[in-house]
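Visitor: Sharing a model that was predicted from the sequence below.
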Amino acid sequence: MLLVFTVGPLLLTNAWGYFQSRRYFERAELHNVHNIASLEANAVFRFVREKYQATDAVVAGNQHLFGLVRALQVEDETARESVRNALKTHLVVKQRESGSISEFYILSPTGKLVVSSLDVPSHPGDQRESSCFRRGRQVTAIDGIDWSGALPALLLSAPINDTSGDFLGVFCARSTVQLGDGQSRRVVGAGSPTALFLVDSTGRVIARDAEGALLPVPGATLTRPNAMRAFGAEPWEGEYQSAQGQVVAAYAPVTELGWGILVETPVQAALAALDTLKWQAFVFALFLTALVVIGALIVVSRIAHPLAALSAAATRAAQGARGVRVPLGGTVEVRDLARSFNLMSAAVQESHSLLEQRIAERTHELQTSQEFSERLLNSIAEPVIIVGRALTVVKANEAALRRYGTGLVGEAYHKHFEASSEPCESCPVCSTIANGRSFAAERVEHPGDHDDIMHVQTFPVTSPEGDVEAVIQLRRLVTDERRLQAQMVHQEKMSAFGIMAAGMAHEIGNPLAAVQSQLRLARDAPVPGRVEQTIDIVSQEVDRIARLLRELVSLARRRDETAVLVSPGAVARDVVRLIRHDPRARDVEIDVTEADGVPPVRCKEDLLRQVLINLGLNAMDAMPDGGRLVFETTAQDSETCVRVRDTGRGVSDLARAHMFEPFFTTKALGRGTGLGLFVSKGIITGLGGDLRVEESSSAGTVFLITLPSAIGWQGSGT
C-alpha cells in the first residue's frame, strides 16, 4: 500500500505529461514538415528556373551553334554527317557545363530530330506533334513533364533564331528533377525519416526522395488522403494513413508550375525521442520504487503510524480528492516524505484546477459565441446572405433559406440573384468588394405570379489589413412600402388639389359673372353690334375657364411615365401658374429666377412639380400678410439646386427638428395633413437627391432641393 500511494501519483503525473508532450511533439513535427514542404517547393521552383535560364543561355547569342545548324543545309551527306558530329560534341560540352541536364537535342524546322547529346536519343524520329516542337518554335518555354522514359523528366525548349531572325530549328532539353538536397531538413532540424514527393495536380509522382519498397515510385499516382485535400493550388497539412503507416504530412504548392511538394513523416519515427524519454522515466520510476521499498522495509517499525496516515491520505487522493494533506510527524525521513507528498498534492491540485478552468472557459466561450452568432443571424426577419470574395454564398440565415431554398449556400451569387453567368461589376456585392464601401439598390423578384420589390444593401467585412474578405447583404421586402408611398404621394397631391380647388372656383367665378353680365346686356339691349361684342367677350372668358380647368386637371392626373430630362426652371414656372390662383397668393409676389447654364435633371416631371407645389403652398401659409416667394434654380458641381425662398415668419427650432416626420404640422386643425414635407422628402430621396432647410429666421425660410445633374448621368437603379 505504501508503494502504491507514494509512486502512484508520480506515475499518473508522468503519464499525463507524456500524453501532453506527445501532442506537442506531433504539433512540432507538423510544423517541421510544413516548413520542409515550403522550402522544397521553393527549391523546385529555383531548380526549374535555373534549367530554364540554362536552356535559354545555351541558345541566346550562340553564334557557334547557329553556324553549325545553318551548315546542316549543305547538299553533301558526308559534310552534313561531319557537321552533326561537331554539333553533338558541342551539345555534350554544354550538357556537362549545365550540371543536371540529362539530354540536349535539336529539332529541324520540320520537327525531325537532327542531333542529340546522347548516343541513344530519348525521342528519335519525327516530333512535329511533341510539345517541345510546338511551343519551342515561338518562345523559350517550360513544356512540362515527359513521362515516356524510365524516370519522369522536365522538358524545356527554345527557338533557334540567328541574328538575322531566320528560324533554324528548336533546341530541346530534358532534365531529371531532383529532391532532398538536405538543405530543407537541416534548416528545419527534423531527425525523422521524411519522404518527399514532387507531384502534379493529379497526384502523379514526378520525383521522390525516399527509401522503401512500399513507397510510390516516379510515375505512380498518389491517393488523395480525403476529399478535402487535393494536390492543387492550396496548401494543407494533417495526419493520415499512408504506405509508411500513420504519418504526419504537409503539402505546399509550386503555384507557378502547377505542381506541389508532399512531405510525409511516420508518426512513430517523429515520436522516437519521446518514447526514449518515456522509457527513461519508466526506469527512473522503477528505481524510485525500489528505493521506496528498501526504505520502507528498513524503517517500517519506526514509521508505522505516520505511514498509515500518509497511506490514508494517498488513498483519498487516488479516489479523487484534491488538496489532501498529511501531518508532518515521525522521523525526519517520514516528515520529508509527508512534506513532499503535500507539495505534490498541492501541485497536482493546482495543475488540474487550472487545466479544467481553462478548458471550461474556452469551451464555454466558443459555445456561447457560436450560439449567439447563430441566434443573432436567425433573429433577423429579413434575408441575410454572406457572400465570400469568390462570389459564392457562404452563409445565410433562416429567413434567406425559407425564401430562396435550403440549397442556397455554396451557390454562385451572380447566377442566383443577378441572373448572369458572369459576375456583374456594377452589382452591389461586386461594388462593395472592389471599393470596400456599402452600396444599396432595388431589385424586382418573381417568387410566383406576382412581383416583389427588394431593397438590397451590402456591408463589407474587412480583414485587419483592410482587405474585403466577405460581404454581408441584407435583402428587405419593400413592395408594400413602395405601394404605400405611391398612395401617400397621390393622396398628398389630391390634398393640394383640394386646397387649390377653392382658389380655382374663385378664378372661374369671375369669368362666369362676366359671361352672365354680357348675356343679360345682349338680351335687355338688343342694339346693333351688341351680339357680336357679347360673343367675343363670352368666347374669351370661356377660353379662360377652359385654361384654368386644364391646369387643375393636369395637377390632379396621376401619371406613370418614366424618368425623362426635365428643366427645373420650366417646372417652377408651371407651378407658379398653378398656385397664383390660390386665395393666399393675393398679396404674395411670386417669381422664378434661373441662373445661366443650369443643366436638366432626369426624373418624373409630375413628382418634381408636386414637391414644388407643396413647398410653395407652405410658403404662402407662412406669409398670411403677404410677402415674396421666389423659385431659384442654380448649378453646383454635379448637382442642380432649386431653392424656394419666402419672407415669412420662419421655422422654430422645435419644428425644424420634426418637420420631415409624418403627421407633424404647425398649421391649424383641418388646414394640413402633416404629410406634405414627409412625402416631398421621400420623393426627392427616391430621385437620388436631398431636401432640407438651408436657412430660417424671422426674415424668411429657404428650402433647398439638390438633384444629380443629367450631364454624365448614369442610372442608379432607383
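Guide: Done, it's in.
Visitor: Tell me the helix or strand right after the helix or strand harbouring residue 33.
Guide: Using DSSP states H and E, residue 33 maps to helix 2-59. Downstream of helix 2-59, the first helix or strand assigned by DSSP H and E is helix 63-71.
Visitor: following that following helix, which helix or strand comes up?
Guide: Sequence-wise, the next helix or strand downstream of helix 63-71 (DSSP H and E) is helix 77-98.
Visitor: Need the residues that contact the helix or strand following that next one.
Guide: Using DSSP H and E, the next helix or strand after helix 77-98 towards the C-terminus is strand 101-107. Applying C-beta atoms under 8 Å, 6 or more residues apart in numbering, the contact partners of strand 101-107 are 51, 54-55, 58, 69, 87, 91, 94-95, 113-118, 121-123, 127, 132-133, 136, 153, 160, 169-176. For every residue, glycine as well, the C-beta is placed using N, CA and C.
Visitor: Buried residues, strand 101-107. List them.
Guide: Within strand 101-107, the residues that count as buried by 16 or more other C-beta atoms under 10 Å are 101-107.
Visitor: mind saving the C-alpha coords of the helix or strand just after that strand as CSV?
Guide: Downstream of strand 101-107, the next assigned helix or strand under DSSP H and E is strand 113-116. Only the C-alpha atoms of strand 113-116 are listed here, as CSV (Å, rounded to 0.1, in the frame of the first residue of the first chain):
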residue,chain,number,x,y,z
LEU,A,113,15.4,15.0,-84.8
VAL,A,114,18.7,16.5,-86.0
VAL,A,115,21.1,15.5,-83.3
SER,A,116,21.2,14.6,-79.5
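Visitor: what packs against the strand or helix carrying residue 630?
Guide: According to DSSP H and E, residue 630 maps onto strand 627-636. Packing partners of strand 627-636 (3 or more C-beta pairs under 8 Å, 6 or more residues apart in numbering; DSSP states H and E): helix 568-579, strand 588-594, helix 605-621, strand 639-646.
Visitor: sorry, back to before: now flag whichever of the buried residues of strand 101-107 is closest to residue 228.
Guide: For the buried residues of strand 101-107, the minimum distance to residue 228 (C-beta to C-beta) is 37.3 Å, reached by residue 102.
Visitor: and the chain, what are its domains?
Guide: The domain map for the chain lists 384-477, 483-708, with the assignment taken from automatic domain parsing.
Visitor: Can you tell me which of those domains has the worst average pLDDT?
Guide: Note on the domains of the chain: domain 483-708 shows the lowest mean pLDDT, a mean of 75.
Visitor: So residue 676 sits against residue 614, correct?
Guide: Yes - the criterion here is C-beta atoms under 8 Å, and residue 676 meets it with residue 614 at 4.5 Å.
Visitor: What is the burial count for residue 392?
Guide: Residue 392 has 15 neighbours, counted by other C-beta atoms under 10 Å.
Visitor: if I look at it, how far off is residue 430?
Guide: Using C-beta to C-beta, to the nearest Å, residue 392 is found at 13 Å from residue 430.
Visitor: Please, which helix or strand holds residue 171?
Guide: For residue 171, the element it lies in under DSSP H and E is strand 167-175.
Visitor: Please state the offset of that strand from the chain centre?
Guide: 45 Å (C-alpha atoms, centre = their mean, to the nearest Å).
Visitor: again with stretch 621-637
Guide: Counting by C-alpha atoms, centre = their mean, stretch 621-637 comes out at 49 Å from the chain centroid.
Visitor: Distance across it, terminal residue to terminal residue?
Guide: End-to-end distance for stretch 621-637: 33 Å, by C-alpha to C-alpha, to the nearest Å.
Visitor: out of the contacts of strand 101-107, which are buried?
Guide: Here, 16+ other C-beta under 10 Å leaves 51, 54-55, 58, 69, 87, 91, 94-95, 113-118, 122-123, 127, 132-133, 136, 153, 160, 169-176 buried among the contacts of strand 101-107.
Visitor: quick one, helices of the stretch 251-400 of the chain?
Guide: For the stretch 251-400 of the chain, the helices defined by DSSP state H, counting those that start in this stretch cover 267-270, 272-299, 304-318, 332-378, 398-404.
Visitor: Buried residues in stretch 407-424, which are they?
Guide: Quick answer for stretch 407-424 (16+ other C-beta under 10 Å): 408, 411-414, 416-418, 423-424.
Visitor: closest one to residue 270 among the helices and strands packed on strand 627-636?
Guide: Closest approach to residue 270 among these (C-beta to C-beta): strand 639-646, 69.1 Å.
Visitor: Keeping just the C-alphas, turn the very next helix or strand once past that closest one into PDB.
Guide: Later in the chain than strand 639-646, the nearest helix or strand by DSSP H and E is helix 653-658. What follows is helix 653-658, C-alpha atoms only, in PDB (Å, rounded to 0.1, in the frame of the first residue of the first chain):
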ATOM      1  CA  ASP A 653     -36.000  75.100 -33.800                       C
ATOM      2  CA  LEU A 654     -38.600  72.600 -32.400                       C
ATOM      3  CA  ALA A 655     -40.400  72.500 -35.700                       C
ATOM      4  CA  ARG A 656     -37.100  72.100 -37.700                       C
ATOM      5  CA  ALA A 657     -36.300  69.000 -35.600                       C
ATOM      6  CA  HIS A 658     -39.600  67.300 -36.500                       C
END
